[in-house]
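Undergrad: Quick check, what structure comes out for this input:
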Amino acid sequence: WDLVHLCQKFAFPVEQRVWAVACHPKSSLVAAGTDTSIHIWKTSSGRKLTTLYPPENDTIMSLVFDPSNPDSQIFAGGYDSKVRLWNYTNNQCLNTFSGHTGLIFNIEVTEHVLLTCSRDMKTRIYDRHTGDLLKELGGHTMDVKCCTIIENPLVVITGGFDRKVNVWRFTERDENLEDANDMNCTLQ
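TA: Here you go, the predicted model:
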């Protein structure tokens, strides 16, 4: 959409249902996740840059351009219970974040961590550079549909089908999330 002139600028056709969209931080690219693939277009011309095909060909439910490398990398998660970091300029998967046992509904990325939430009623915090699991949070009795994170101080907010919004505040002494347990953070 062109908000100055209030008109639609482009319509990007895809052959399957669209489950997720993401916009490049500078609005120069747009991505869509479908039943089996990820499509990326230039917003200035409408030209498709690439199509990525995850190995399991499962539905892509969440997309986020990598805030540290948005001109070449995107995170994607979905039905295969994994999140992948893709280099979309050469179509290579750079890292796979595993551990969930249900589909990934939402992903959030900061400079240091990747936050994921899933149908398995869990929220997971990973080191975004190594892929190591730093912390798994429970607190929901049904699907965790959405999540967000604030890094300094560390606050994680999750929402689920159980009609709960959980706010996790990690204390100053939780310098290493691997050592943090539910006793070291406050669920409000």
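Undergrad: C-alpha only now, for contacts and for neighbours.
TA: Fine.
Undergrad: my read: residue 21 touches residue 31, true?
TA: Yes - with contact defined as C-alpha atoms under 8 Å, residue 21 reaches residue 31; the gap is 5.5 Å.
Undergrad: residue nearest the centroid of the protein?
TA: residue 107 (2.2 Å; C-alpha atoms, centre = their mean).
Undergrad: Now it. Nearest residue, chain neighbours left out?
TA: Spatial nearest neighbour of residue 107, chain neighbours left out: residue 116 (4.5 Å); criterion: C-alpha to C-alpha, 6 or more residues apart in numbering.
Undergrad: Look up the pLDDT of that neighbour for me, please.
TA: The score at residue 116 is 97. That number is its pLDDT.
Undergrad: neighbours around it, how many?
TA: 29 (other C-alpha atoms under 10 Å).
Undergrad: I'd assumed residue 108 was in contact with it.
TA: Yes - the criterion here is C-alpha under 8 Å, and residue 116 meets it with residue 108 at 6.6 Å.
Undergrad: List the residues that are in contact with both of these two.
TA: Applying C-alpha atoms under 8 Å, 6 or more residues apart in numbering, one finds that residue 116 and residue 108 are jointly contacted by residue 147.
Undergrad: rewinding a little: parallel or antiparallel, which strands does the host helix or strand of the residue nearest to the centre of the chain pair with?
TA: Residue 107 belongs to strand 104-109 when assigned by DSSP states H and E. Partner strands for strand 104-109, per DSSP bridges, with pairing direction: strand 113-118 (antiparallel).
Undergrad: Mind listing residues that contact stretch 82-96?
TA: 50, 52, 72-77, 97-100, 103-104, 131.
Undergrad: I misspoke; the intended subject was stretch 55-62.
TA: Outside of stretch 55-62, the residues within contact range by C-alpha under 8 Å, 6+ apart are 19-21, 33-38, 76-80, 104-107.
Undergrad: ends of it, how far apart?
TA: End-to-end distance for stretch 55-62: 16 Å, by C-alpha to C-alpha, to the nearest Å.
Undergrad: Return the set of buried residues in that stretch.
TA: 58-62 (16 or more other C-alpha atoms under 10 Å).
Undergrad: before we move on, back to that, filter the contacts of stretch 55-62 to the buried ones?
TA: For the contacts of stretch 55-62, a burial check counting by 16+ other C-alpha under 10 Å picks out 20-21, 33-38, 76-80, 104-107.
Undergrad: Out of these, which sit inside strands?
TA: Those of these mapping onto strands are 20-21, 33-34, 38, 76-78, 104-107, per DSSP state E.
Undergrad: Model confidence score at the residue nearest to the centre of the chain, please.
TA: Here, the pLDDT recorded for residue 107 equals 97.
Undergrad: My guess is it contacts residue 77. True?
TA: Yes - using C-alpha under 8 Å, residue 107 makes contact with residue 77 at a distance of 7.2 Å.
Undergrad: Kind regards, and thank you for your time.
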